[in-house]
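*Asks:* Prediction below, plus the sequence it came from.
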Amino acid sequence: VYKARDTRLDRTVAIKILPPHVAADPAFRTRFEREARAISALEHPNICVLHDVGRAGEVEYLVMQYLDGETLAARLARGPLPLNEAMLYATHIASALDKAHRAGILHRDLKPGNVMLARSGGRDISAKLLDFGLAKLSPVAAVTQGQTQQPTLTSALTGEGSILGTLLYMSPEQLEGREVDSRSDIFSFGAVLYEMVTGSRAFDGPSQASIIGAILERDPPPIVARAPLATPALDRVVRKCLAKDPDRRWQSAADLCDELSWIAQSSGVQQQLVPIAGRKRSPVRPLTLAAGVLIAALAGTTAWAVLTRSSTESAALTRILGIPLPDDVRGTPGGITVSPDGRTIVYAASAAGGAVSHRPSAATSSGRLYMRRFDASESTVLPGTEHARAPFFSPDGLSIGFFTESALVRLSLLGGAPVTIVSVPPVTRGGVWLSDDTIVFAATQSSGLVRIPVAGANPPGSSGYPPLTSPDIAAGEKAHMWPSLLPGGGDILYTIRRGTASNVDDADIGVVNVATAKSRLVLKGAAYARYAPSGHLLFVRAKTLMAVPFDIEKKEVSGTPFPVVEGLASDAWVGGAHYTVAPDGTLLLMRGSFGQTRSSSVWVDRSGKPVPGTTFGENELGKPRISPDGKRAVFDGTSAEGDGEIYMADLVRGTTVRFSADPQEDFDPIWSADGKKVIWTALPPASLPFLVWRNADGTGATEPVIRNGQVQFAGSVSADGVLAYSHATGGKACDIWTVPLTGDRKAQPFIQGPAYEYGPEFSPDGKWIAYVSNEGSDADVYVVPYPGPGGKRRVTTGGAVAPAWSRDGRELFYQTSAGLMSVPVSSAEDMRFGEPRLLFSGAYVNNSREDGPREYDVAPGSNRFLMIKVEQLPGARPPSLEVMLNWWTKGVGSR
């Protein structure tokens, strides 16, 4: 194709030279000119104009409209299109097809390379079809002659009765050489639209044969599986386009274009749509959140109450819908957010079933993110969001920010892998994404808010990223958490924790100006605040969702608080609650509880049956570790004040005492090999987790084992006094380090890499370390010689965690989703493993879907196990999402 100047009409044109074989056939030239005249009569804003055809010597050429832009193929090389652009261009293409089909002209070669994204004046871009109808006119090309092994065939044009079009986008009837009609173009259109939205080809493969097989026999994955923002309605349109049987496709491009226009309008896509000749459709007002939910209810979800409201009833409190969670999940606190346009929610939920936690600690979240559009009937899992919690939308609604156990992460909803923004401790408490592409979040549960760029940053607290807020220690403030943006984007609400990490009822609400970093108190005795456009401040107090009139200009309350919902799903441990407010004021919430359970220790034998032994039920104890002599055990748990503490249990006398005594969060205790020290992970205010220890008899002070700036979690101690521990390095990586507990205590890396490796357990003789790694498709147990050399041995496949050795080293225990497993171990130098077997399952804490320390221990003799049993409290009910309108009328008269 050449850019040229038409001197007669003084215009820039494009000249396309046709292949030399065109001129060799007089009959072809006659047919070519006849068809070209018909094509030139197609006047449509989305069809490239054919000005003229000509012949110079032996060269046939076309004179076409010159278009300034790029082909859709070039654009797709950079990834999928934003949904609004894809819908706009798709409507353009469908409208152009409708025009041509009405004139009796087929394209037969519809593909991204034949679509031009051209500037049509100013900065506006429209899609224009090229080479319209010309595929029908060319003789046999390489695709039927086997002359190329490339799966993408450029301009693969063939003659009458032969395969036409480019292979990747050809309809089944084209591939089989059957008669084709306009529905063949509709199939090709579906393949192009699929690729625009997902960035992936609908049918692909390493060879022509595999591509042909895919087109003839298989359906591509649903669009919503690859592009979460796409609607089920759009997925239905594409699937109907790609039906193998032409009779099951859209029967005309007019109907297809009409449907696309309706989807674009009803889903709020803002664009100028080209009208279809002779067809009209009333514009559809974009769905409000509540209307979308109602439609979803009628599509098959469970309605709690759908109330018809007259004008006199418009002020009545109305609960529209209860949206059940997927059967295999349970909600997590602080885990629901609504998109800026109010049409989509994303919520965090953790897998129900095998993995049971004795407390809903964010440090061991096994959550994933689910997305639910309100015009859809079900939720979909967002890929790449394992261990996710506390999601929040970007201002444009096209990305999600969330936290994992060691990172703040962003995920484009248009497709692609999650991207780590910054490394964070595993105890972060909420974030908010500002319009300048910075994120404000709670760095730890014992510090203030920090602000970092979305493009990436250094660890919180590093130079260049000063805190946005700092707790006033003198005034009794412990931490700032759960930020929420006020309208206008200049001020942020946040929770001021004054008590302990697990008692947010002892909390206040503050507000900080983003530009000046000046903050002040807004409301006492409140937590997890959100502003509603009704002019109210919503907050949580004693598991009740409250509201109070709020002056948005003065940033202060202006009335009396009133209750909105009792029994709100909330969690004092992480300070979060499960509710959010849509831009139109609709309230989305979850009743029930995340942690309506109680845990206690229990002794069981090798079959899982309870056996006599001292048990402990207070303080929500977990992470049991039995002393080397078998007479004592240490746990972590929650004090009466709500602090995370270490407890020492006397297994002979049946008594328990609080062992840690510092004003900090303490968890994950272990014993030294001689039983003289207890080592655990401490999290002081404004600090990262690090290892400390204290004399096991309770004397002496608690001291750091090492302080080197690492995020440290205790593992185990070898017989000769070497401590193995996990070091979270950021993103999804965690390494295993060792440090001698005598001498200079210099830490050294032992296992490093991109995988998440944790839970190191020394064998009794100190020659091996068992650990967990996710280097495969699942987290599994591995064993490696210590201190080396030698390669690692993979003990399990299919998912396993929490390894523990028998005291004689002849067995290795671990947990899977099935329960507690045992595998025999040879004592030979090459460390061989026998056949694993299931010992027992039951309602015991099972970390098979988490990354935390094991929640059991093995007694001397390996005939008993100290387990943590979890029981559901009476009256507990599974949470479900509820949608409420006009909730603020409960507070009429409160001003």
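*Replies:* That came through fine.

*Asks:* what's in contact with the helix or strand where residue 738 lies?
*Replies:* Per DSSP states H and E: residue 738 is located in strand 733-740. The contact list for strand 733-740, computed with Cβ atoms under 8 Å, 6 or more residues apart in numbering, reads 406, 705-706, 710, 715, 721-729, 745-758, 760, 769, 771, 786-787, 851. Quick note: C-beta positions are derived from backbone N, CA and C, even for glycine.

*Asks:* which residues of the stretch 551-700 of the chain score low on pLDDT?
*Replies:* 571-575, 592-598, 617-619, 640-643, 663, 685-688 (pLDDT under 70).

*Asks:* now do 50
*Replies:* Where the stretch 551-700 of the chain drops to pLDDT under 50, the residues are 595.

*Asks:* Which among the contacts of strand 733-740 count as buried?
*Replies:* Using 16 or more other Cβ atoms under 10 Å as the burial test, these include 406, 705-706, 710, 715, 721-729, 747, 750-751, 755-758, 760, 769, 771, 786, 851 as buried.

*Asks:* now for the longest helix seen in the chain, which elements pack on it?
*Replies:* If you go by DSSP state H, the chain has its longest helix at helix 83-102. Packed against helix 83-102 by the contact rule (3 or more Cβ pairs under 8 Å, 6 or more residues apart in numbering; DSSP states H and E) you find strand 115-119, strand 125-129, helix 182-198, helix 253-266.

*Asks:* Now the strand or helix carrying residue 715 - C-alpha only, PDB.
*Replies:* Per DSSP H and E: residue 715 is located in strand 711-717. C-alpha atoms of strand 711-717 as PDB (Å, rounded to 0.1, in the frame of the first residue of the first chain):
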ATOM      1  CA  VAL A 711      10.300  -9.300  58.300                       C
ATOM      2  CA  GLN A 712      10.900 -12.400  60.500                       C
ATOM      3  CA  PHE A 713       8.700 -15.400  61.500                       C
ATOM      4  CA  ALA A 714      10.000 -18.100  63.800                       C
ATOM      5  CA  GLY A 715      10.500 -21.700  62.500                       C
ATOM      6  CA  SER A 716      12.400 -24.100  64.600                       C
ATOM      7  CA  VAL A 717      15.700 -24.600  66.400                       C
END
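
*Asks:* Disregarding residues adjacent in the polypeptide, which is nearest to the residue nearest the centre of the chain?
*Replies:* In the chain, the residue lying closest to the centroid (Cα atoms, centre = their mean) is residue 385, at 3.6 Å. Closest residue to residue 385 apart from its sequence neighbours, by Cβ to Cβ, 6 or more residues apart in numbering: residue 369 at 3.9 Å.

*Asks:* for residue 690, same thing?
*Replies:* Nearest residue to residue 690, sequence neighbours excluded (Cβ to Cβ, 6+ apart): residue 712, at 5.0 Å.

*Asks:* again with residue 36
*Replies:* Nearest to residue 36 is residue 53, by Cβ to Cβ, 6+ apart, at 4.5 Å.

*Asks:* what about the one you found, neighbour count?
*Replies:* 20 (other Cβ atoms under 10 Å).

*Asks:* That one: which element?
*Replies:* In this assignment (DSSP H and E), residue 53 forms part of strand 50-56.

*Asks:* That strand packs against which elements?
*Replies:* Strand 50-56 makes packing contacts with helix 26-40, strand 59-65 when contacts are defined by 3+ Cβ pairs under 8 Å, 6+ apart.

*Asks:* Worst mean pLDDT among these?
*Replies:* Among these, helix 26-40 has the lowest mean pLDDT, at a mean of 69.

*Asks:* ok, back up a step: next SSE downstream of the strand holding residue 738?
*Replies:* Using DSSP H and E, the helix or strand that directly follows strand 733-740 along the chain is strand 748-751.

*Asks:* Give me the phi and psi for residue 835.
*Replies:* phi -80, psi 130 (degrees, to the nearest 10).

*Asks:* residues contacting it?
*Replies:* Per Cβ under 8 Å, 6+ apart, neighbours of residue 835: 823-824.

*Asks:* Let me see the ranges of the helices in the stretch 651-800 of the chain.
*Replies:* Applying DSSP state H, counting those that start in this stretch to the stretch 651-800 of the chain gives no helices.

*Asks:* what about the strands in it?
*Replies:* Ranges of strands in the stretch 651-800 of the chain, per DSSP state E, counting those that start in this stretch, are 655-658, 665-671, 677-683, 690-695, 703-704, 711-717, 722-730, 733-740, 748-751, 757-762, 768-773, 780-785, 793-794.

*Asks:* Quick one: closest of the ones you listed to residue 346.
*Replies:* With Cβ to Cβ as the criterion, residue 346 lies closest to strand 722-730 of the strands of the stretch 651-800 of the chain, at 23.6 Å.
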